[in-house]
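Asker: turn this into a structure:
(2 chains)
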Amino acid sequence: MQACYLGVDVGSVSTNLVVINNKGEILSSIYLRTHGQPIEAVKEGLRQLKKNLPATVTIAGAGTTGSGRTLAGAVIGADIVKNEITAHAIAARQEVPDVQTIIEIGGQDSKIIIMREGIVTDFAMNTVCAAGTGSFLDQQAARLKIPIESFGELAAKSTNPVRIAGRCTVFAESDMIHKQQMGHNTEDIVAGLCEALVRNYLNNIAKGKEILPPIVFQGGVAANRGIQAAFSKALQSEIIIPKHFGVMGALGVALLTRDYSKKHPQTKFKGFEVSEENFQASSFICNGCSNLCEIVNIKEDGNLIARWGSRCGKWDTLSE
Amino acid sequence: MIKVSFAHMGYSYLGFKQLVEDMGFEVVVPASPSPATLDKGVQYAPEFACIPFKTVLGTYVEVLERGANLIITSGGVGPCRAGLYGVLQEKILRDLGYNFEMVIFDPPLTGLWSFFTKLRKILKKAKVSWPAFIDALRRAWTKLKLLDELEQLSTSIRPYEIKRGETTRIFHRCLKIADKARSLKEIEDARQECRGLLLNVQRDPERRPLKIGIIGEIYVLLEPFMNLEIEKTLGEMGAITHRSIYLAQYAKTDVLAHGTEDVRQAAYPYLNKFLGGHGQNSVGETIIYAKNGFDGVVQISPFTCIPEMVAKSILPKVSRDFGIPVLCLNIDEQTGRAGIETRLEAFTDLLRQRREKMEAKRNASLLLRC
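Answerer: You can find the predicted model right below:
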C-alpha cells in the first residue's frame, strides 16, 4: 500500500488533477477542459485518475485550488482549500529550488510571484484586464486558422516580428487584422502577437517588481514556445519551463496536502466513488436585509453539504 | 414636511440619523448599498467617475424614490474630483426630474462664513436654537466615537473567535443596541453593554494573529459593501486589522484641521505635496504602520482614483525601504469577490511565512550569542 496525495486545480478554462507520492513525485496527472462545468470536470478527472492508478495506491489526503476551489473542496471532501498563488509558488519551489521569479499565465488570469530565499515576498495578479492570457491566444489562433499547438512553432520561424498593440485584446485583434491587410505574413504577425502579450504583461502585472533569475514560466500558456522566446528576449535571461508546467497549481496543493497530512493524518477525502454521486448546485437570494446576498447551496444526493455567499454570516453555518 | 437624507458610508449613518432626528426632521435612512444601488449609479453616472460617485448616486436615487427632499452631503477641496461630486450629482438628479434641495458642506477651514450660513439656513428650517443644536451635535459625536470603538474592538476579537462568524453576528446586534441609545448616559450604557457582549465571544488565546494596516480612499475604506468586507475577510483569515481612517478620528484631524502632522512628515521624503484625497496619507500611513510593527499593509482604492494611483506608484519604494509588504487592490463595479479573496488569502500566507522566517532568524541569532 502506498500513501498518496491528490491535488485538484479547478480553473476557468482547465481542471487539473495530480496524484503524488510521499517524495513529491507525480504518479499521474490529468489535464481537462472545464467547459464551464466544474463539478462534471472534477468527476471526470477522478474517473480517469482511478483508471490510471495502480490498485495499491490509497489517497491519504486531498487538496483543492484555483478559482473553483471552494466548490471542488466541498465535492471531493478536501483537507485543505488553498489559493492558487500559494499553490503555484510551492510547486515552482519544488521543481526549481532557488527560483526567484515565477511567471504564471493561465486561461483567464496571469500572475507574477516574487520569491526570495524560498518564500513569497511579493505577488501581483491581473486586475482589470485579461489581455494576454490563454483564452485570448486560443481565440486568435482559431481566427488565424492555426492549431493552438503549433502557434509557438510558427512564431519561432519569424525573422521580423511586426509590432502589434497589445493593451486591449479587442484592439490587438483589430491591429492584427490591419497588419494582415497590409500584407504581412502570418509568422511575423504571430511572433508580433507574442511580443505584444509579453510587453503587456511586463508593463501591467510585473510593473515595479524586481525580476531576478532564475525565472520560471508555468501555466497552460507556457506550452507556447513563442511566448517563452519573447520573454527571454525582453528580460535578457533564460526562462525555465518546469516539466509539469500545465499542472503546477494542482501539484502545489498536493504538496501542501502532504505536509498538512503529517500533522493531521485523518483525511476528509470521500474517495473516488464521488465521481458516481449526483451533485446539484442551486442559489437563492436572501431577503433578510437590503444586501440581497446570493446564497449558493451544494447538495449531494439531496443532502446539503455546503452553503456560502452571505455577508452577515447568517447562512454560513454549514461552510465549516 | 422636510425629509432629510444623506449618503451611506459604513456605520456612520447611525450617527447622522440620530443628529437629523434630534434636530426635528424626518429622516430617510439610506439602506446599505447593494448591487441594485450600484446598478442605478452606474446607469446615470459618467463611465470614468470612480465607484464612490456611482454608489452614492445610486443611494440618492433610492432615498429620493422613498420621499427624501433634502440631501445633506460633504464637499471637498480638490485636486481630488470628490470635491465636485455633490454639485455634479445634484445636476444629474435634477435632469432625471427629481425635485429636492441639496446642501453641500465644504470643510469649515476652506470658508468659515459659507459653512456658517449654510448651517444657519438648516437650523432655521429645523427651528432649532444654537444651544439645542450643539447639544444634539455632541450626542451624535459621542455616538460616532462609540461606533468607531465597537468596530475596532470587533476587528481585534474576530481572529481569535472559535465559532466562525460569531463576532460579526454579535457586532450587528451591537449596532442595534447602539442605535437605540440617545442621551449621553444611554450611549455610555450601550457602550458598556456592547463591550461586554463582544468580550464574551468565545476565543482561543493561543492564536497569534497577523497585524495588517488598511489604507486608501475613505469611501471604499469605510463602506463594507465597497471593500467586500475586507476587515471581516481578513479577520476570519486570522488577522487583526487597523484602518487608517475611522470616522471620528478623521473628522478631527482632516475635516477640522489640515491633516495629521506625523503622517505628512513621514510621507514627506517620498511625496512632499498634498495631492487631494488620501494620496499623501496612504504613503505616510504605510510608513507609520511599518514603524509600529505591523506585518503588512493593504491599500484599497477606487479604479481611476488619481491620488491613490500616485501613492500606489510610490508604495513599492516605501515597501522596500521599510521592509513591509504592501498589497494594492483596485475596486470598481467589475470587481469580483473571488478575485479579492484569492489575493487576500495569498497575502496572509505570504505574511505568515515571512514572520516565521524572521522569527527563525532571530532565534538562531540568539542561540549564537549564548
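Asker: quick one: the strands in the chain?
Answerer: With no chain named, the answer covers chain A. A:2-10, A:14-20, A:26-33, A:57-65, A:80-81, A:101-105, A:110-116, A:119-125, A:215-218, A:239-240, A:279-285, A:294-300, A:303-308 (DSSP state E).
Asker: my question was about chain B
Answerer: Using DSSP E, strands in chain B cover B:3-5, B:26-27, B:70-74, B:101-105, B:210-216, B:239-243, B:296-302, B:326-331.
Asker: contacts for the third one next, please.
Answerer: By that I understand strand B:70-74. Outside strand B:70-74, the residues that touch it by Cβ atoms under 8 Å, 6 or more residues apart in numbering or on different chains are B:2-7, B:20, B:25, B:56, B:60, B:63-64, B:86, B:89, B:100-107, B:122, B:125, B:255. Backbone N, C-alpha and C define where each C-beta goes, glycine included.
Asker: go on, the shortest one?
Answerer: Contacts made with strand B:26-27 from outside it, assessed by Cβ under 8 Å, 6+ apart, are listed as B:1-5, B:17, B:20-21.
Asker: just the buried ones from those residues, in PyMOL syntax?
Answerer: Selecting only the buried entries of the contacts of strand B:26-27 in PyMOL, with 16 or more other Cβ atoms under 10 Å in any protein chain shown as the criterion:
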select buried, chain B and resi 2+3+4+5+17+20+21
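Asker: so, low pLDDT: which residues of chain A?
Answerer: Residue ranges of chain A with pLDDT under 70: A:127-132, A:166-167, A:290, A:311-314, A:316-320.
Asker: can you tell me which helix in chain A is longest?
Answerer: helix A:186-204 (DSSP state H).
Asker: could I get the CA-only coordinates of it as PDB?
Answerer: Provided in PDB are the C-alpha atoms of helix A:186-204 (Å, rounded to 0.1, in the frame of the first residue of the first chain):
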ATOM      1  CA  THR A 186       1.300  35.000 -40.600                       C
ATOM      2  CA  GLU A 187       4.600  34.100 -38.900                       C
ATOM      3  CA  ASP A 188       5.500  37.700 -38.300                       C
ATOM      4  CA  ILE A 189       2.100  38.500 -37.000                       C
ATOM      5  CA  VAL A 190       2.000  35.600 -34.700                       C
ATOM      6  CA  ALA A 191       5.500  36.400 -33.400                       C
ATOM      7  CA  GLY A 192       4.400  40.100 -33.000                       C
ATOM      8  CA  LEU A 193       1.400  39.000 -31.000                       C
ATOM      9  CA  CYS A 194       3.700  37.000 -28.700                       C
ATOM     10  CA  GLU A 195       5.900  40.000 -28.200                       C
ATOM     11  CA  ALA A 196       2.900  42.300 -27.600                       C
ATOM     12  CA  LEU A 197       1.500  40.000 -25.000                       C
ATOM     13  CA  VAL A 198       4.800  39.800 -23.200                       C
ATOM     14  CA  ARG A 199       5.100  43.600 -23.300                       C
ATOM     15  CA  ASN A 200       1.600  44.000 -21.900                       C
ATOM     16  CA  TYR A 201       2.400  41.500 -19.100                       C
ATOM     17  CA  LEU A 202       5.600  43.300 -18.100                       C
ATOM     18  CA  ASN A 203       4.000  46.700 -18.200                       C
ATOM     19  CA  ASN A 204       0.900  45.800 -16.200                       C
END
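Asker: and that helix, what's buried?
Answerer: A:187-202, A:204.
Asker: and for stretch A:234-244?
Answerer: A:235, A:239-240, A:242, A:244.
Asker: ok, residues contacting that stretch?
Answerer: Contacts of stretch A:234-244 (Cβ under 8 Å, 6+ apart): A:18, A:26, A:29, A:91-92, A:95-96, A:99, A:103, A:195, A:198-199, A:202, A:211, A:213-218, A:222, A:228, A:231-232, A:248, A:251.
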